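J.: Using only what follows, build the 3D model:
(one chain, ligands or ions: 1)
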Amino acid sequence: MNQNNYQKVSKQLLKLIKQYDKIVVFRHAIPDFDALGSQMGLVSWLKDNFKAKEIHFVGDNHVTFTGRLYPKMEELKDSWFEQNTFLAIVIDVGSLERVSDPRFTKADKIVKIDHHPHEPGFGDLDLVDTSFAAAAEFVVTLLANMGRKYQFSKAAASYFYSALVGDTGGFRFSSTTKRTFEVAALLLSSNINISEIYQLMFEKELKDLAVQKFILDSYQLTKHGVAYYILKEDDLTRIGITSELGKVYVNMFSNIKEIEVWCSITEDKKDNCYRVSIRSKRYPISEVAKKFKGGGHKQASGATLLSLEELNSFLKALDDEIIKNSNL
Ligand code: AMP
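T.: As a prediction, the model looks like this:
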């Protein structure tokens with residue numbers, strides 16, 4: 001999409017926003033900074049600029065971000081979705097199944113705004129652009145194109161900034177572009193306090209040190225530089241963390257010279273599987289993620305192993321990807 005197209009789709013989005021008195025903002029399940037920050041950023045922006053409208057936000061909460069960085073999600077009854085005519089805006093999610101609350105399908109019209117590659121489309125206005133480092137970068141670009149009449153409050157800009165930092169690894173991933181910094185600069189012009197945002201995003205507790213100790217004692221490394229750690233249910237219980245938190249430590253390996261790809265593998269007894277987060281310095285990993293019931297971006301993807309019997313073939317696929325691309 002080029003600049004002219006952003007202006008065009010931004011107009012279409014504004015027209016839809018104006019058309020509906022009731023808007024519900026959705027995003028993907030098991031949310032990260034980008035999902036929650038984009039969702040709450042847009043909710044705040046809508047409330048600030050369209051005071052007469054009824055704006056809602058739904059989905060699952062995050063084990064640690066909720067309460068600290070983002071508010072608890074609303075619990076809207078099924079009857080609300082049955083009785084009201086509303087616009088659904090679904091952010092940072094490409095496939096229908098990954099949307100955190102399936103009731104977006106009850107909407108009169110659906111807008112999707114996403115930056116994930118190669119997902120089959122859905123929605124009446126289906127906006128996908130993989131050139132954006134974060135969904136927030138895309139959303140802010142569209143909102144900024146609506147004109148100066150519409151303002152970013154400090155609260156809205158702070159949410160969007162956390163999302164931008166989250167999906168760019170603090171502006172370190174190669175997906176970060178000049179435009180990412182332009183969007184960050186635009187958000188900074190709303191007088192946000194970035195040191196406060198970083199503190200809220202990355203604050204740790206003493207128990208985190210215990211988890212890091214466990215990971216450093218138990219991680220493994222393949223021949224071609226894939227580091228991984230496994231947190232089984234028993235380990236999680238012993239250390240005192242939930243399975244959702246297992247992946248939080250994955251980037252402990254990001255700056256190690258000998259490590260090219262790194263993964264967290266966390267048992268999820270509820271769904272009887274292992275959830276995998278994969279990160280990479282330079283080699284593409286999303287194709288391997290797709291082969292293992294996942295997907296994502298070139299350097300940050302998620303996957304699922306049905307059991308640890310799949311572990312060797314998963315690691316081999318990553319090693320093979322490194323060998324195949326070793327000229328990169
Ligand atoms: P995670 O390791 O869960 O933080 O995921 C890393 C990135 O991959 C995020 O941008 C996710 O949205 C994306 N991702 C994770 N799982 C999937 C999936 N099953 N399909 C598509 N994208 C995914």
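J.: which strands and helices sit next to the helix or strand hosting residue 163?
T.: Using DSSP states H and E, residue 163 maps to helix 154-167. Counting contacts by 3 or more Cβ pairs under 8 Å, 6 or more residues apart in numbering; DSSP states H and E, helix 154-167 packs against helix 33-49, helix 135-144, helix 178-188, helix 194-202. All C-beta spots, glycine's among them, are computed from the backbone N, C-alpha and C.
J.: So which of those helices is nearest the ligand?
T.: Nearest of the helices and strands packed on helix 154-167 to the ligand, taken as Cβ to the nearest ligand atom: helix 33-49 at 6.8 Å.
J.: Distance from the chain centre to the helix holding residue 163, please.
T.: 12 Å (Cα atoms, centre = their mean, to the nearest Å).
J.: quick one: average pLDDT of it?
T.: Averaged across helix 154-167, pLDDT comes to 98.
J.: rewinding a little: now mean neighbour count too, for the helices and strands packed on helix 154-167, in CSV please.
T.: Formatted as CSV, those follow (neighbours: other Cβ atoms under 10 Å):
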stretch, mean neighbour count
helix 33-49, 25
helix 135-144, 26
helix 178-188, 17
helix 194-202, 13
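J.: can you put those helices in TSV and add distance to the ligand and mean pLDDT?
T.: Below are the helices and strands packed on helix 154-167 laid out as TSV (distance: least, Cβ to the nearest ligand atom, whole Å; pLDDT from 0 to 100):
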stretch	distance to the ligand	mean pLDDT
helix 33-49	7	98
helix 135-144	9	98
helix 178-188	15	98
helix 194-202	14	97
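J.: Please produce CSV containing the ones you listed, extended by distance to residue 265.
T.: What follows is the helices and strands packed on helix 154-167, written out as CSV (distance: least, Cβ to Cβ, whole Å):
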stretch, distance to residue 265
helix 33-49, 21
helix 135-144, 26
helix 178-188, 30
helix 194-202, 23
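J.: what sits against the closest residue in space to residue 82 that isn't next to it in sequence?
T.: Using Cβ to Cβ, 6 or more residues apart in numbering and skipping residues adjacent in sequence, the residue nearest residue 82 is residue 106, 7.0 Å away. By Cβ atoms under 8 Å, 6 or more residues apart in numbering, the residues touching residue 106 are 81, 82, 86, 88.
J.: Same question for residue 71.
T.: residue 40.
J.: on that earlier part again, any idea which of the helices and strands packed on helix 154-167 gets closest to residue 161?
T.: Residue 161 lies closest to helix 178-188 among the helices and strands packed on helix 154-167, at 4.8 Å (Cβ to Cβ).
J.: chain center to the closest one: distance?
T.: Relative to its chain's centre, helix 178-188 lies at 18 Å (Cα atoms, centre = their mean).
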